[in-house]
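*Asks:* what's the 3D shape of this:
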Amino acid sequence: MNLLHMKYAVAIAEANSINKAAETLYVGQSALSRAVKELESSLGVTIFERSAKGMFLTPDGEAFIRCAKMVLKQVDAIETMFSEGAAGKQRFSISVPRASYVADAFARFTARIDPASEIRLYYQETNALRAIKNILQEDYKLGIIRYAEEYDKYYKGMMDEKGLSYELIAEFHHVLLTRADSPLARMEVVTSDELKRHTEIAHADPYVPSLPFDEIKKDELPDDAARLVYVFERGSQFELLAQNPDAFMWVSPVPAEQLARYGLVQRRCGEGRRMYKDVLIHRRDYTLSALDSLFVEELIQSKRRTFQ
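*Replies:* Alright, predicted model coming up:
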């Protein structure tokens, strides 16, 4: 199978047109048509349905293009790895929930790396679904996923099915985070009735794979606050909290240094709130590197300092 022909097929599939793909690739239309026919002949399947409206994938074509994209991505990764001496560089990659104690661990971890070493670090804050996909499809080595305790059986079953190892890092109830001079900060224990008069900040992308989105929204996203602000990025959430004494957010416990840096305090809720779990995951056949182990060491220490 010709990798160039594979690349041509992907371009045609994305454009739904040989003409448009030819313009993008700077290749003649006849050459593209010939390449697709040769590819279909070698595979013994029809990849595209031709019509006056363009080129559209057959069911076999959809399966082929999905695999082709993965192959081409791996080829690009190999080429990048061996360009400009990149093969000699160490690599660390992890996807995590938006958690201050995890960010604290990562910052301390980076400070312990030898300044003379050549290294590439990848740290992505995202939801549980993306963290799992990053390990299975994007070559991330580690992940930390967060889920409510009632979904423990579901997540463990899913990770067993996908060949992932998992280890509990922390269990906790969310705490309320707000500015030190907020009216909420004067309460040691906050009630839900009091919160209805304030502005809530929430993560914009919760995900529970076993539930339809309507149920996820009801289960994970607040719907009883008068004013809601949905934000994806943790740094922006902290800026909003630091500048608006009316705002609050439910979070995992926050390190004391970060509370002081932003002028924030954390308070307990007086009513029962669900228990959450943070779980470290990686492929079952993956052995943690020295860098991975160093990060996990900092993660455990940060958790102990924060959750004491």
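*Asks:* for the rest of this, base every contact and every neighbour count on C-alpha atoms.
*Replies:* Will do.
*Asks:* now stretch 165-183: average pLDDT?
*Replies:* Summarised as a single mean, pLDDT over stretch 165-183 is 93.
*Asks:* what separates that stretch from the chain centre, distance-wise?
*Replies:* Relative to the chain's own centre, stretch 165-183 is displaced by 19 Å; criterion: C-alpha atoms, centre = their mean, to the nearest Å.
*Asks:* what distance do you get for the closest residue to Pro255 other than its chain neighbours to Ile135?
*Replies:* Counting by C-alpha to C-alpha, 6 or more residues apart in numbering, the nearest residue to Pro255 once its immediate chain neighbours are dropped is Thr306, at 4.9 Å. Going from Thr306 to Ile135 by C-alpha to C-alpha, to the nearest Å gives 27 Å.
*Asks:* more neighbours: which of those two?
*Replies:* Ile135 (20 against 17; other C-alpha atoms under 10 Å).
*Asks:* show me what contacts the more buried one?
*Replies:* Going by C-alpha atoms under 8 Å, 6 or more residues apart in numbering, Ile135 touches 141-143, 282-283.
*Asks:* again, only this time at 6 Å
*Replies:* Lys141 (C-alpha atoms under 6 Å, 6 or more residues apart in numbering).
*Asks:* helix or strand next in line after the helix or strand hosting it, which one?
*Replies:* Here Ile135 is covered by helix 128-137, with elements defined by DSSP states H and E. Using DSSP H and E, the helix or strand that follows helix 128-137 in sequence is strand 142-148.
*Asks:* quick revisit: could you say which helix or strand holds the residue nearest to Pro255?
*Replies:* Here Thr306 is assigned to helix 290-307, by DSSP H and E.
*Asks:* quick one, that helix and strand 142-148 angle?
*Replies:* Here the directions of helix 290-307 and strand 142-148 differ by 30 degrees (axes from the mean of the first three to the mean of the last three C-alpha atoms, to 10 degrees).
*Asks:* what does helix 290-307 contact?
*Replies:* 101, 105, 109, 255.
*Asks:* in these, find the pair that's most separated.
*Replies:* Phe109 and Pro255 (15.4 Å; C-alpha to C-alpha).
*Asks:* quick one, helices of the stretch 51-200 of the chain?
*Replies:* 59-81, 100-111, 128-137, 152-161, 192-195 (DSSP state H, counting those that start in this stretch).
*Asks:* got the CA positions of the last one in PDB?
*Replies:* The C-alpha coordinates for helix 192-195 follow below in PDB (Å, rounded to 0.1, in the frame of the first residue of the first chain):
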ATOM      1  CA  SER A 192     -27.400  25.800  49.200                       C
ATOM      2  CA  ASP A 193     -30.100  28.500  49.900                       C
ATOM      3  CA  GLU A 194     -27.300  31.100  50.400                       C
ATOM      4  CA  LEU A 195     -25.600  30.100  47.200                       C
END
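*Asks:* report the buried residues of it.
*Replies:* Leu195 (16 or more other C-alpha atoms under 10 Å).
*Asks:* avg pLDDT for that helix?
*Replies:* Mean predicted lDDT for helix 192-195 stands at 80.
*Asks:* could I have the helix or strand containing Ala260 exported to CSV, CA atoms only?
*Replies:* Secondary structure assignment for Ala260, by DSSP H and E: helix 256-262. Backbone C-alpha positions of helix 256-262 (Å, rounded to 0.1, in the frame of the first residue of the first chain) are rendered in CSV as follows:
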residue,chain,number,x,y,z
ALA,A,256,-2.6,26.9,50.8
GLU,A,257,-0.1,28.7,48.6
GLN,A,258,-2.5,29.1,45.7
LEU,A,259,-5.3,30.3,48.0
ALA,A,260,-3.0,33.0,49.3
ARG,A,261,-1.8,33.9,45.8
TYR,A,262,-5.3,34.6,44.6
